[in-house]
Every structure is written in C-alpha cells, then in structure tokens.
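>>> Build the 3D model from these lines:
(chains A and B)
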Amino acid sequence: MLEVAGLACVRGDRKLFSDLSFSLQAGELLHLHGHNGSGKTTLMRTLCSLVRESAGEIRWQGESIHKLGEEYTREVLYVGHKNGIKDDLTGVENLRVSSALDGNPVSRERAWEALEQMGLRGHEDLPSRVLSQGQKRRVALARLLLNRSRLWVLDEPFTALDVAAVDFLQSIIQRHVESGGMVILTTHQEVRITREQVKELRLGWKEDGRV
Amino acid sequence: MFSAFRTLLGRDLLLAMRRRSDLFTTLFFFVIVVSLFPLGIGPEMNTLRMIAPGVFWVAALLASMLALERLFAIDYEDGALEQMLLTPQPLSLLVLAKVLAHWLVTGLPLVLMAPLLGLQYDLSSEALGVMVVSLLLGTPALSLIGAIGAALTLGLRGGGVLVSLLVLPLYIPVLIFGSGAVEATASGLGGQGHLSMLGAILVLSLLFAPLAASAALRISAE
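The predicted structure is shown next:
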C-alpha cells in the first residue's frame, strides 16, 4: 500500500537519513524509533507530503504521492507536535471545522459525542484557550474518532496525556489497525499493540544514518 | 469543495468576531492617518481637495499591509496551516477563502468609512462615489497581492518588515489607478478608464494570487 524506496532527506547541509526503504500494508503499524534529532518528525512530515524528499520516492498504491496530490492527502491523517486547534474556538467548533475541511462534515451531536469519548465531558463548549495542555491534545486527537482516512501518521501522540487517555488512544489505534488501517507512530512510551502487526524502524542507528 | 470554502470563511469570520480588537486596529489606523492630514496642513480646502485621493489611497495601502502579518501567521503557529495543507481540498481555494475573510474584516470597513472621512477633504459627492468604487475594486486586490508576501515571509524573523519591502512595490499599480480615478473625476475628466484598469488588476490577482500564495505556503510550511 505505502511503499518507500531509497528515501533521503537533507536539511541544510545535514543528512538526516538516506536510502531508506520500507513498505506498509493494510492492517500494519510502523513504530519509528530514534534518538532526539534523528529525523523522525522529518520522516513523518515527508511521508505526509509536507516536506519534499531530497531523493527517492514514496508511493501510495503504486503511484507517487506527489502525482496523487489531494487524492493522497485525503487518505492521510497527521497529528503533529502542534495541535492545529484554534484557541478562540470551542472543542466542538474545532472538531467540526477540521472534519468539514477533511471533506467529512459531522453533526454537532456527533462532534460532542466524540469529545465525550475522549474524556472531555463538560468541556465541549469552552474555548480551547482555557483548556490544559492534555485537554487540548485530546481535542486534537478526537479527530481520530471521526476521520475516515486510512493512513494515520501520529507524531508523539501520547505527550501530555494522562494514563487513562493513553490507554484509550492505544485502543483506538489498535481498532484502526485491526479494521485494516495503517498507522505510523513515534513515541518514547511502550506500545502494547498486537505484536505481529507491528513493524519497527530505527533511525540513526548507524553512523551514516541508515536504518 | 465549496463547503470547505464556506467552512473556512465562516471559521475565520467567527475568529475575527471573537477577537474584535484586531478588527478595529486596521480601521482606526486608517481613520487616524486620514484625519491627521487636515489637522497638519490646515483648513485650506483647495490643497486638501488636491491631496485627498493620494492620502486616502496611501492610508488604505498601509492599513492593508498592517493587517497582512496576521493573515497566515496564527494558523502557522498553532498548526492549523499544516492541517490545511493535508486536506483533500485545492489549497488555492482555501487561500481564497482566507483572503476573502481577511478582506471582509480589514478591507470592507475602510471602504465603508471612506465617504465619511472624505467630508473632511471637501470632496464632491461624485468624487466620493468614485473613491468608494475604486477602494471597493482596489482593496481586495491589495489583500490578494499581499497574501503572496505574507505566505512567503511566514515563519521568518522580522517577517513584518520584509513583507512591506516585498509587497509595497507590487501595490504601486493599484495606488496609481486608484488615486488616479478619484483625481480624474475631481478634475472633470471621468475616472472610467482608471476604474476599468483597477477591475482588470483585481481579476488578474484573483486568478493568480491564490495559486502563487499556495505555492509559497507549501514552501514556508516545510
């Protein structure tokens, strides 16, 4: 489904990784490992087509992702370091706007329900400005419950979340993988997800940056 | 596709309503700059009538530029821009929605305020009418052209100053034809030709500015 061939990324004059190849099938999770600064975030942003690769190719169902353009971004859901939520909008408004922009409008009730599932009961109609870091993260992650994208790219999704929320998020990820979705994930925490579905990729383990 | 356009337009207008202070900064800037000239120059009607078109247009130019910085910067900082790049919508359409919201919030109030301020300059009602029409055609073009500069300087240190250096030269044609239309009307020549040129500039920038700005956004977001 997602194939990466000979991928390289250079930032400034620093080579982050090169000659990176792997593939990801439906129902698989890729857990990216790597020390700080090894290029995990850059790799994820490259896979989302936010960053142009210096060399190599990323193919989605056999076609280059740059040729696919919006056909590809429809299939991708990216949660990065920034939550991408508006401080002056309430949780429900944020969720409805981002779903509508993703081409998948949801009703007010559905958005409300998703936020309750994320453990934000009683905070749905507060401006996000007054929420705590962890709660903002939960609003951002509530998109996972509404989105129909097949490939989830989650950069450190567990930061700022409490134990209960981490458990819940892991169960959502597990469910997505079991229903044939794909997940690419970085985290420094332990992921308890059925072992045989998990691929591991280590960045920056050898001195030339190869996996 | 158009529902995404409407959603983003609605979101930006709602955000502007929740932050009304931003909304009034541009308008008050325009009002104050325009009102300073009669105070500084004195009540000499002939001089005021003569400088009015230029003063209005330069003030509109500067006010429009003042507001540019915020066009994409907040989205860039909170990550909403990244998400915009990853939606299955044409980016130029989303840029157009953002620019339209930006113009409705920062440009349109200037246009509506202009006739009232024009009284300070003893402009004829005919000249005031042309002033409003020229601003109505010109300020959206300013927002569109400015969007390219705002997108290019996103995330740079001192981006605000750079934006003015990039964008002000591109504003010159709008300034010339905008103030030219009012001047021509005031001197009895008729401003039709100038207004047509302004319209042409608006159409051109409607076509090309969203494309250029989205290309610039993709580069800035890397």
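>>> after the longest helix seen in chain A comes which helix or strand?
Assignment by DSSP state H gives helix A:163-178 as the longest helix of chain A. Where DSSP states H and E defines the elements, the next helix or strand beyond helix A:163-178 is strand A:182-186.
>>> Spell out which residues of chain B are next to chain A.
B:3-4, B:7-8, B:11, B:14-15, B:18-19, B:77-80, B:82-90, B:94, B:221-222 (C-beta under 8 Å from any C-beta of the partner chain). Every C-beta, even on glycine, is put in place using the N, C-alpha and C of the backbone.
>>> one more time with 10 Å, if that's ok
B:1, B:3-8, B:10-12, B:14-19, B:74-91, B:94, B:218-219, B:221-222 (C-beta under 10 Å from any C-beta of the partner chain).
>>> Show me just the buried residues among those residues.
By neighbour count, with 16 or more other C-beta atoms under 10 Å in any protein chain shown, the residues of chain B next to chain A hold B:4-5, B:7-8, B:11-12, B:14-16, B:74-76, B:78-91, B:94, B:218, B:221 as buried.
>>> element containing A:His31, please.
strand A:29-34.
>>> quick one: contacts for A:Gln197?
Residues in contact with A:Gln197, defined by C-beta atoms under 10 Å, 6 or more residues apart in numbering or on different chains, are A:25, A:27-30, A:174, A:177-178, A:183.
>>> Which elements pack onto the helix or strand where A:Lys199 lies?
Counting by DSSP H and E, the element that carries A:Lys199 is strand A:198-203. Under the contact criterion of 3 or more C-beta pairs under 10 Å, 6 or more residues apart in numbering or on different chains; DSSP states H and E, strand A:198-203 touches strand A:14-24, strand A:29-34, helix A:40-47, strand A:182-186.
>>> Could I get the CA-only coordinates of that strand as CSV?
Once non-C-alpha atoms are left out, strand A:198-203 reads as follows in CSV (Å, rounded to 0.1, in the frame of the first residue of the first chain):
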residue,chain,number,x,y,z
VAL,A,198,3.9,-4.0,14.5
LYS,A,199,6.9,-3.2,12.4
GLU,A,200,9.8,-1.4,13.9
LEU,A,201,12.1,1.1,12.2
ARG,A,202,15.2,2.6,13.8
LEU,A,203,16.6,5.8,12.6
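>>> So what are the sheet partners of that strand and their directions?
strand A:29-34 (parallel) (DSSP bridges).
>>> Would you pull up how far the partner strand lies from the middle of the chain?
12 Å (C-alpha atoms, centre = their mean, to the nearest Å).
>>> I'd assumed A:Ser171 was in contact with A:Leu144.
No: the pair A:Leu144 / A:Ser171 is not scored as a contact, 11.0 Å apart, by C-beta atoms under 10 Å.
>>> what about those two, which has more around it?
Legend: neighbour count by other C-beta atoms under 10 Å in any protein chain shown for A:Leu144 and A:Ser171, higher for A:Leu144 (21 against 12).
>>> ok so, going back, now, the most widely separated pair of the contacts of A:Gln197?
A:Gln25 and A:Gln174 (16.5 Å; C-beta to C-beta).
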